[in-house]
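Q: Pasting the sequence and the predicted coordinates here, then a few questions.
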Amino acid sequence: MHRKILPSLSFVCLLLSPSSAAPQSSSAHFRIQTFSSADAQYLRRAFKALEKARKDLLSLGLNPPQRVTVIVHPTLERFQKSLEAPMFEAARANRNLARIETQRFRALEEHGGLEQTLRHELFHLAQPANWPRWKAEGSAVRFSGERLNGVLFENISESKLEALLKNPPSRAVLARAMATALEWVVQNRAISD
């Protein structure tokens, strides 16, 4: 008797899991999963931003995945737990899964811009895989049009900048590291240790 109940219970749990229960909307190249009506109201803008970014990437000779899934987490806590992300991280791209995971769209809009965040993360899905992190982040910032307010690090080694971008201890350090990466990209500098 238990053998019959357990598979059925597993199936019910799968049906009730957050990712499968989330409403999904799709376009030709993107599928977006949202968990709230507050985030769903941003879908039109999100699709428009993603499709424009895709077109812009293709015009630059970069090839984004044919189909990308965007998961909009219902809470900051869920986003952090799912990705083991610090609270100041807004979104993350996963090249292997062709997926972007974000905090709530409303939160993105309140803290810097929905369109810029989606453009930034889509850039990561299309960039060459072998780029150093500083070049990837600086180029993504440049492509997205994000406005940064961090003070540049001076006389920082490439390895130190890579480490700060990979695991920033604070929002302020991340802002400085991102601003430095952008400056290096703009200056077209390849820094070696």
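A: Perfect, thanks for sending it.
Q: Convert the helix or strand where residue 121 lies to PDB, retaining C-alpha atoms only.
A: Assigned by DSSP states H and E, residue 121 belongs to helix 114-126. Only the C-alpha atoms of helix 114-126 are listed here, as PDB (Å, rounded to 0.1, in the frame of the first residue of the first chain):
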ATOM      1  CA  LEU A 114      14.000  46.200 -15.100                       C
ATOM      2  CA  GLU A 115      15.200  46.600 -18.700                       C
ATOM      3  CA  GLN A 116      18.800  47.200 -17.700                       C
ATOM      4  CA  THR A 117      18.900  44.100 -15.500                       C
ATOM      5  CA  LEU A 118      17.400  41.900 -18.100                       C
ATOM      6  CA  ARG A 119      19.800  43.200 -20.800                       C
ATOM      7  CA  HIS A 120      22.800  42.700 -18.500                       C
ATOM      8  CA  GLU A 121      21.900  39.100 -17.700                       C
ATOM      9  CA  LEU A 122      21.000  38.200 -21.300                       C
ATOM     10  CA  PHE A 123      24.400  39.600 -22.400                       C
ATOM     11  CA  HIS A 124      26.000  37.000 -20.100                       C
ATOM     12  CA  LEU A 125      24.100  34.200 -21.900                       C
ATOM     13  CA  ALA A 126      25.500  35.400 -25.200                       C
END
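Q: quick one: contacts for residue 181?
A: 133-135, 137-138, 141, 161, 165 (CB atoms under 8 Å, 6 or more residues apart in numbering). (Each C-beta comes from the backbone N, C-alpha and C, glycine too.)
Q: so for the helix holding residue 121, what's the average pLDDT?
A: Average pLDDT, helix 114-126: 97.
Q: Residues contacting stretch 134-148, please?
A: Stretch 134-148 is contacted from outside by 53, 56-57, 60, 112-113, 115-117, 119-121, 123-124, 127, 131, 158, 161-162, 165, 175, 177-186, 191, using CB under 8 Å, 6+ apart.
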